[in-house]
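A.B. asks: Generate a structure from the sequence data that follows.
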Amino acid sequence: MARRALTTTAAALTTTAALLLTACSGNGDKSSDDIKGADTGASSPSASTSASAPAGGSGPDLSLPKNVDLVFDFDTPSDRKHAAALTDAQNYMKAIYHGIVAQDPNDPAYKFYSGGQAAQYAKSQIQASVKEGLTITGTEKYYDEEVTTLSGGKRTLVTFCSNQAKIYSKEIKTGKTLYTKEGPDNYLRFRLLMLPPSGSSQVWKAQVAEVITKAKECRA
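C.D. replies: The predicted structure follows:
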């Protein structure tokens with residue numbers, strides 16, 4: 001069976017507790033601990049969209065080949081900061097795939113949209129693809145987003161579901177697509193701790209990336 005396009009790794013969960021993210025259990029269920037001091041912003045509906053340009057203007061190349069389509073079926077938050085954090089969370093996800101397609105563990109795209117453990121997670125995913133000689137093809141859908149303010153606005157938690165049933169690994173050497181059957185493994189829940197812009201940067205950066213596998217709440 002082919003490796004899923006994005007997977008969770010042990011390193012991806014090492015710092016979550018210290019940064020107010022709940023850990024995930026082996027079966028994909030979250031712990032029952034609540035995130036303290038969090039306020040959820042309201043959203044207004046919008047059409048399905050792919051990841052847009054950086055919230056702060058120009059940024060690194062995030063283009064993907066025509067055979068790779070990341071669809072973000074998100075509502076646009078009415079809160080301006082929430083909207084910016086959500087946009088750059090999308091850009092972080094797209095940056096990981098850009099690095100996989102480029103086969104470059106040091107791709108500048110993910111470094112632009114992340115730091116700390118989230119950058120380590122992105123690099124680990126790209127490194128795994130390079131080691132296995134795999135790229136990606138197909139369509140991945142993201143949905144059921146939530147944006148929550150933490151620490152009085154110093155941090156923002158962005159969570160969303162992913163359906164990987166139609167995105168596949170592809171052998172670079174042979175061009176063979178490694179198809180997999182749809183099942184519980186296709187549904188992930190991402191939790192990204194986003195830090196607001198600092199200094200001259202206008203970009204929200206993912207600092208911690210948590211991946212909940214076999215996410216039951218994403219299969220409804």
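A.B. asks: now the chain, which segments are flagged as low pLDDT?
C.D. replies: 1-57 (pLDDT under 70).
A.B. asks: What residues sit buried inside the longest helix along it?
C.D. replies: Secondary structure of the chain per DSSP state H: the longest helix is helix 80-102. By neighbour count with 16 or more other C-beta atoms under 10 Å, helix 80-102 contains the buried residues 81-102. Every residue, glycine included, has its C-beta placed from N, CA and C.
A.B. asks: after that helix, next one along is what?
C.D. replies: helix 108-112 (DSSP states H and E).
A.B. asks: hmm, who's touching that following helix?
C.D. replies: 54, 59-62, 92, 94-96, 98-99, 119, 122-123, 126, 203 (C-beta atoms under 8 Å, 6 or more residues apart in numbering).
A.B. asks: now that helix, how far from the centre of its chain.
C.D. replies: 13 Å (C-alpha atoms, centre = their mean, to the nearest Å).
A.B. asks: In whatever helix or strand comes next after it, which residues are buried?
C.D. replies: Once the chain leaves helix 108-112, the next helix or strand it forms, by DSSP H and E, is helix 116-132. Residues 116-130 are the ones in helix 116-132 that count as buried (16+ other C-beta under 10 Å).
A.B. asks: Quick one: work out the angle between the longest helix of the chain and helix 116-132.
C.D. replies: Orientation check (axes from the mean of the first three to the mean of the last three C-alpha atoms, to 10 degrees): helix 80-102 against helix 116-132 gives 20 degrees.
A.B. asks: Packing partners of helix 80-102?
C.D. replies: Contact here means 3 or more C-beta pairs under 8 Å, 6 or more residues apart in numbering; DSSP states H and E; on that basis helix 80-102 packs against strand 68-72, strand 76-77, helix 108-112, helix 116-132, strand 134-150, strand 155-171, strand 187-195, strand 205-212.
A.B. asks: Alpha carbons of that helix, as CSV, please.
C.D. replies: The C-alpha trace of helix 80-102 is given here as CSV (Å, rounded to 0.1, in the frame of the first residue of the first chain):
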residue,chain,number,x,y,z
ARG,A,80,-9.6,40.2,9.7
LYS,A,81,-6.9,38.5,11.8
HIS,A,82,-8.7,35.2,11.6
ALA,A,83,-9.0,35.5,7.9
ALA,A,84,-5.3,36.2,7.5
ALA,A,85,-4.3,33.3,9.8
LEU,A,86,-6.6,30.9,7.9
THR,A,87,-5.2,32.1,4.5
ASP,A,88,-1.6,31.5,5.6
ALA,A,89,-2.5,28.1,7.1
GLN,A,90,-3.7,27.2,3.6
ASN,A,91,-0.4,28.5,2.2
TYR,A,92,1.5,26.3,4.7
MET,A,93,-0.3,23.2,3.5
LYS,A,94,0.3,24.1,-0.1
ALA,A,95,4.0,24.9,0.6
ILE,A,96,4.5,21.3,1.9
TYR,A,97,3.2,19.9,-1.4
HIS,A,98,5.3,22.4,-3.3
GLY,A,99,8.4,21.0,-1.6
ILE,A,100,7.3,17.4,-2.3
VAL,A,101,6.8,18.1,-6.0
ALA,A,102,10.2,20.0,-6.1
